[in-house]
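Chemist: Below is the structure, and that's it, no one-letter string:
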């Protein structure tokens, strides 16, 4: 059994990597001096992620990235800031306390959430709570409270980029069933429309490492990949990933309010697009890509394909 690890990557930078002027600006945002910081493991970027203690007795969570060293992470932080501002008070997400951007370093400060990551493999009670929260989010965030210009493009699709002989050969190593049916998958991807039809704000990366389990609620963190589309999309992708814990997704899809009445093609379209994105990433990544990220993308892509294969 392959599970989604808590510590998803190994490229984090410590709090001490922040230049003194950046720390001073973060302290200004928070209104107090930082007296201590605990680095948080995980994540796939070369960014800072730390829980900080302040001189006034309060706490916060800070993440930061340097554009010169980690341009993708810095871009994600810049995108996440206005999204988080618009979600304040609307949904179970951390409250943004402030953002700093000097053109190189960009930092976001959030309220600290007293919660923990879900157990992996999934405990059924925790998975049920997260699925319930995904349904609540779809209701709360329809129509999307965030302007489309601020959102990412959906991270869906990619089979058409794998049709060269070299890419097809690499795909055959990772997912032989997909390589054998690549033309069919590419055709299904080209005709898939249903996941894009809707105006629900979706998280776009709803996996266990972006969820915190609290005593009285579930909090969903890290929103840079949010997009607007069909209200069921986050539920389907979450269920596909649960296969890595040995959870059969179809009975849960048959029971969930957002998926139980869907036409078969609606779920199939999303699984095709989701697996295509993940396996394109795994096949086409350059030699400098984070190996933990590629391993994760491959496992998640295969999980989506396994469910799709049972449905086709």
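Modeler: Here it is on my side, so go on. Given the structure is predicted, the values throughout are model-derived calculations rather than measurements. Residues are numbered from 1 along each chain as shown.

Chemist: just the helices in the protein please.
Modeler: With DSSP state H as the criterion, the chain has helices at 20-30, 71-87, 124-140, 165-174, 176-180, 182-191, 233-242, 249-255, 264-284, 291-311.

Chemist: Buried residues, the shortest one. List them.
Modeler: Across helix 176-180, burial judged by 16 or more other CB atoms under 10 Å covers 178, 179. C-betas here are computed from N, CA, C, even on glycine.

Chemist: cool, stretch 65-76 as well?
Modeler: Across stretch 65-76, burial judged by 16+ other CB under 10 Å covers 65, 66, 67, 70, 73, 74, 76.

Chemist: Format these as TSV; extra columns: pLDDT and distance to residue 241.
Modeler: Converted to TSV, the buried residues of stretch 65-76 look like this (pLDDT from 0 to 100; distance: CB to CB, whole Å):
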residue	pLDDT	distance to residue 241
65	96	25
66	97	30
67	97	30
70	93	25
73	94	22
74	97	27
76	97	20
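
Chemist: wait, isn't residue 229 in contact with residue 194?
Modeler: No. Residue 229 is beyond contact range of residue 194, at 9.2 Å (criterion: CB atoms under 8 Å).

Chemist: With neighbour numbers in mind, choose between those two.
Modeler: Each of residue 229 and residue 194 has its neighbours counted (other CB atoms under 10 Å); residue 229 has more, 22 against 19.

Chemist: Can you tell me how far that one is from residue 174?
Modeler: As judged by CB to CB, to the nearest Å, residue 229 and residue 174 stand 27 Å apart.

Chemist: and this protein, what are its domains?
Modeler: As given by automatic domain parsing, the domain ranges for the chain are 15-111, 124-311.

Chemist: Serialize these to JSON lines and add fields for distance to residue 117.
Modeler: Shown next, in JSON lines, are these (distance: least, CB to CB, whole Å):
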{"stretch": "domain 15-111", "distance to residue 117": "8"}
{"stretch": "domain 124-311", "distance to residue 117": "6"}
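
Chemist: among the helices and strands of the chain, which has the poorest mean pLDDT?
Modeler: Within the chain, no helix or strand scores below helix 291-311, which has a mean of 94 by mean pLDDT, DSSP states H and E.
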